[in-house]
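>>> 3D model of this:
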Amino acid sequence: MKKRKIIGREQEMADLQRCMESDRSEFVIVYGRRRVGKTYLVDNFFNYEYDFSYVGGHRLSKPKQLRNFAKAMKKYAQLPRQPKFSNWDDAFDALEEYIERLPEAKRKVIFIDEMPWIDTPQSEFVEALENFWNGWAARRSDIVFVASGSSTSWMMDKLVENQGGLHGRITCNIYVRPFTLHEVEQYLESRGAKWDRYQMLQTYMVIGGIPFYYSLLNVKESLVQNIDRLFFRKNGELKTEFDELYSALFAHTENYTRVVKLLNSKREGMTREEIEFASGIDKSVLSTVLRNLERSDFVLRYSQFGNKTKGAIYRLVDFYTLFYYRFIEGFNAQDEEWWSHNFQSAAVESWQGFSFELVCFMHLTQVKRKLGISGISTEASSWRYVPPKKNKDGEKEEKGAQIDLLIDRGDRIINLCEMKFSVKQYRIADSYEKVLRDRMGIFQEKTKTTKALAYTFVTTFGVADGVHRSIVNNEVVMEDLFA
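Numbers count the residues shown, from 1 in each chain. Next up, the predicted model:
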């Protein structure tokens, strides 16, 4: 099979190269969200040249998994007949015997993809894997064993944080993250797209940095046409993706979708206590759900200003999920060009503003670089003040305030970030300047901070000149997010 170009992933490829040049056997794990490009990375780095490769089957029984493993063994070992395995110990024993017949001078690359799907109930797969690695592979110096899987929770619990025979055995841990805007631009240009950065940004706001979703785009069409085809046409590829996405990643899917749907309804995010109260999910179960959603890049957890340990905010940050809930779930209209007819509506405009905020959250590195503070210690957080309904004298309630993103800097400056999506330069109105000044005053009063405060605007095309522009201390524009 022809090797294809790998976009980005420089560090991941450097790690794989180090393992190939190592003088010991290497146990490599490659994990990350479904559709993020794990298999693509491994296949194209090794140019599909494996000494053995096997892909676990989703929802297949143990006998069927073993039969497929035996089929792969027949192919790679060039056996006259397909062997039969009654358990995973037998399967790994056969793999050892085959590898031992290969030339001693070369590294032997073994790739097992979608490993979490192999570990069916009572399969004893992990125990057999432990015996294979500890009793055979780790004692050699020529094995590069690569395990991959989309279930980040399984990969972490059963391999990275294994408290049994695999404890501390992982020699290379590769977590594949979604593309940045810069990598999206590289990918689209490699596909011959003639889109400008504004259209690329809008694409990111719909599908995030998930490479597989970008592979579905027809770059000869506009983004509007692509959204209609992928989301609103009957059997559109991304219209039906949602159920498969969560069921492939998580057991007890209903708890995960309940939490993400709840977070979707609260754009400002929720504390753990708020999620527990609203969802009704048991504390211990909720801990697992939130941890796994965070591990899989579906949820972002960040502290509230002035409190690093309590009151952390959980926010849904998976762009596809947010778009699905906003426009696809429960959509009954028969209009297969709905997006073409509504992309300039108030509902879409509101969604764009929120989605652009998340793009900025996911590109804090680029924001800090533009501000010239990459070398300064910083902590990103949010802040909100919810006043009591009445003060102690029974008078009317105070004003509340919320700041979605603060960058607290080691040089005693706090950037109060305002993210604004606009089709042109953003113009600050008189009323909005008053809101900003009131918000800053409430923040100073309630936090008692003595640090300097600087309003930082992150916009698509900058802030327009005008009498109210003086409140802006720093600017970051769309172009900076592509750095």
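
>>> count of residues packed around residue 162?
Close neighbours of residue 162, defined as other CB atoms under 10 Å, add up to 17. In short, each C-beta sits where N, CA and C put it, glycine included.

>>> Tell me where the model's unsure across this structure.
Low-confidence segments of the chain, defined by pLDDT under 70: 1-3, 309, 332-333, 390-397.

>>> so the residue positioned nearest the centre of it, which of the three states?
Nearest to the mean C-alpha position of the chain, by CA atoms, centre = their mean, lies residue 297 at 3.2 Å. Under DSSP: H, G, I helix; E, B strand; the rest coil, the three-state class of residue 297 is coil.

>>> which ones are touching it?
Taking CB atoms under 8 Å, 6 or more residues apart in numbering, we find residue 297 in contact with 32-33, 177-178, 317-318.

>>> so what's residue 335 up against?
232, 341.

>>> tell me which element it falls in.
Using DSSP states H and E, residue 335 sits within no helix or strand.

>>> ok, now how distant is it from residue 341?
6 Å (CB to CB, to the nearest Å).

>>> just residue 312 next, same as before
According to CB to CB, residue 312 and residue 341 sit 41 Å apart.

>>> rewinding a little: let's have the contacts of residue 297 in JSON lines, adding distance to residue 100.
Below are those laid out as JSON lines (distance: CB to CB, whole Å):
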{"residue": "32", "distance to residue 100": "33"}
{"residue": "33", "distance to residue 100": "37"}
{"residue": "177", "distance to residue 100": "37"}
{"residue": "178", "distance to residue 100": "40"}
{"residue": "317", "distance to residue 100": "47"}
{"residue": "318", "distance to residue 100": "45"}
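
>>> and the two most separated of these?
Greatest spatial distance among those (CB to CB): 32 and 317, at 14.7 Å.

>>> residues near residue 125, how many?
Using other CB under 10 Å: residue 125 sits among 23 other residues.

>>> Run through the residues that contact it.
Contacts for residue 125 (CB under 8 Å, 6+ apart) come out as 88, 118-119.

>>> quick one: the helices in the stretch 301-450 of the chain?
Using DSSP state H, counting those that start in this stretch, the helices assigned to the stretch 301-450 of the chain run over residues 319-323, 338-342, 346-361, 364-371, 430-447.

>>> residues of the fourth one that come out buried?
Taking 16 or more other CB atoms under 10 Å as the neighbour-count basis, helix 364-371 is seen to contain the buried residues 366-371.

>>> If we only consider the residues you listed, which is nearest to residue 276?
Using CB to CB, those come closest to residue 276 at residue 367, 31.9 Å.

>>> Would you check how far apart residue 319 and residue 24 are?
As for residue 319, its distance to residue 24 is 40 Å (criterion: CB to CB).

>>> the more surrounded of the two?
Between residue 319 and residue 24, counted using other CB under 10 Å, residue 319 has the larger neighbour count: 22 against 11.

>>> I figured the more buried one was touching residue 201, is that so?
No. In this structure residue 319 lies outside contact range of residue 201 using CB atoms under 8 Å: 11.5 Å.

>>> Of the helices of the stretch 301-450 of the chain, which is nearest residue 222?
The closest of the helices of the stretch 301-450 of the chain to residue 222 is helix 338-342. By CB to CB, the value is 9.1 Å.

>>> can you pull the buried residues of the closest one?
Residues of helix 338-342 classed as buried by neighbour count (16+ other CB under 10 Å): 338-339, 342.

>>> Distance to residue 18 added to the residues you listed, as a markdown table?
Formatted as a markdown table, these follow (distance: CB to CB, whole Å):
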| residue | distance to residue 18 |
| --- | --- |
| 338 | 49 |
| 339 | 45 |
| 342 | 50 |
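
>>> Among the residues you listed, find me the one that's closest to residue 161.
Looking across the buried residues of helix 338-342 and measuring by CB to CB, the closest to residue 161 is residue 339, at 42.6 Å.

>>> Just give the closest residue to the closest one, not the sequence neighbours.
Excluding its sequence neighbours, the residue lying closest to residue 339 (CB to CB, 6 or more residues apart in numbering) is residue 227, at 4.4 Å.

>>> With residue 101 instead?
Nearest non-adjacent residue to residue 101, counting by CB to CB, 6+ apart: residue 77, 7.9 Å away.

>>> so what's that neighbour up against?
Contact partners of residue 77, counting by CB under 8 Å, 6+ apart, are 94, 98, 101.

>>> how much space between the last one and residue 69?
It refers to residue 101. Distance from residue 101 to residue 69, by CB to CB: 18 Å.

>>> between these two, which one's more packed in?
Taking other CB under 10 Å, residue 101 and residue 69 do not tie; residue 69 has more neighbours (25 against 7).

>>> pretty sure the more buried one contacts residue 85?
Yes. Counting by CB under 8 Å, residue 85 is a contact partner of residue 69 at 6.7 Å.

>>> Give me the common contacts of these two.
Shared contacts of residue 69 and residue 85, defined by CB under 8 Å, 6+ apart, are found at residue 91.

>>> Surely residue 292 forms part of a helix?
Yes. Counting by three-state DSSP, residue 292 falls inside a helix.

>>> Could you measure from the nearest residue to it once chain neighbours are set aside over to residue 287?
Once flanking residues are discounted, residue 292 sits nearest to residue 153: 4.0 Å by CB to CB, 6+ apart. Distance, residue 153 to residue 287, using CB to CB: 12 Å.

>>> If anything else comes up later, I'll come back, but that's it for now.
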